[in-house]
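> Sequence and predicted model, in that order:
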Amino acid sequence: MPPRLRKTALVAHVASSVGWVGAVTCFLALAVAGYTATDEWTMRAAYTVMEIIGWTALVPLSALTLVTGVIQAIGTPWGLLKHYWVLIKLLITIAATAVLLLYMETLSVLADAAVQPAPDKTVPDILPDFSPILHSAAALIVLLVALGLSICKPRGLTGIGVSMFRSASQRR
C-alpha cells in the first residue's frame, strides 16, 4: 500500500476505534444513569437514547473499525494472520461487533418499554435493567484490551507468519 494511502487507512482505523471506545463510554454513562435514576422520565430518556446511540454510533463505528482494521492489516507488513496480536485484535473486533448486533434486539425491547406506559401508568416491569451496564462495561474492557494490543504489539508469529517468514528467508 502506498504510504499516503496507508496513513489514511491508519487515521480512519484509529478514529473509528477511538470513536467506538468513546461511544461505549457514553453508553455506559447513560446505562448507569438509567439504572440509578430516581425519576421515571430520566430513566425513560436514558433507555431511549441508548438505543439511538446503539444504532447511530456503536454499530457504524464497530463496522468501520472492523473494515478499516482489515484494510490496515492487509496493506501493511503486519499482515492479517501473521502476528498473534493482529489476529487477536481481529477476533476481538469480530466478536464485539457480533455481540453488539445481537444485543441491539434487547436494547430495542428496552427502549420500546421505556416509551410505553405500563397498565398502571408507571414504569414497565422490565425497567430498570442492569444488562446495559454489564454489556457496555464488558465491551469497554474488551476494547481497551484491543487498544493495549495495538500499542504494545507483543511478539509472536502465528503458524502462517512462521511459514511466510521461512519461505521469505529461503528465497534470499
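Nice, thanks for sending it over.

> Gly79: how many residues sit nearby?
Residues near Gly79, counting by other CB atoms under 10 Å, number 17. For the C-beta atoms, the positions are set from N, CA and C on the backbone; glycine is no exception.

> Kindly report the same for Ala12.
Neighbours of Ala12 (other CB under 10 Å): 17.

> residues contacting it?
Leu64, Thr68 (CB atoms under 8 Å, 6 or more residues apart in numbering).

> what do you get for Phe130?
So Phe130 contacts Tyr35 (CB under 8 Å, 6+ apart).

> do you know how far it is from Ala138?
12 Å (CB to CB, to the nearest Å).

> list the buried ones in the host helix or strand of Cys26?
Using DSSP states H and E, Cys26 falls within helix 3-36. For helix 3-36, the neighbour count (16 or more other CB atoms under 10 Å) marks 9-10, 12-13, 16-17, 19-21, 23-24, 26-28, 30-31, 33-35 as buried.

> so what's the residue lying closest to Glu40 once chain neighbours are set aside scoring on pLDDT?
Computed as CB to CB, 6 or more residues apart in numbering, the closest residue to Glu40 that is not its neighbour in sequence is Val123, at 5.4 Å. If you check Val123, the pLDDT there is 72.
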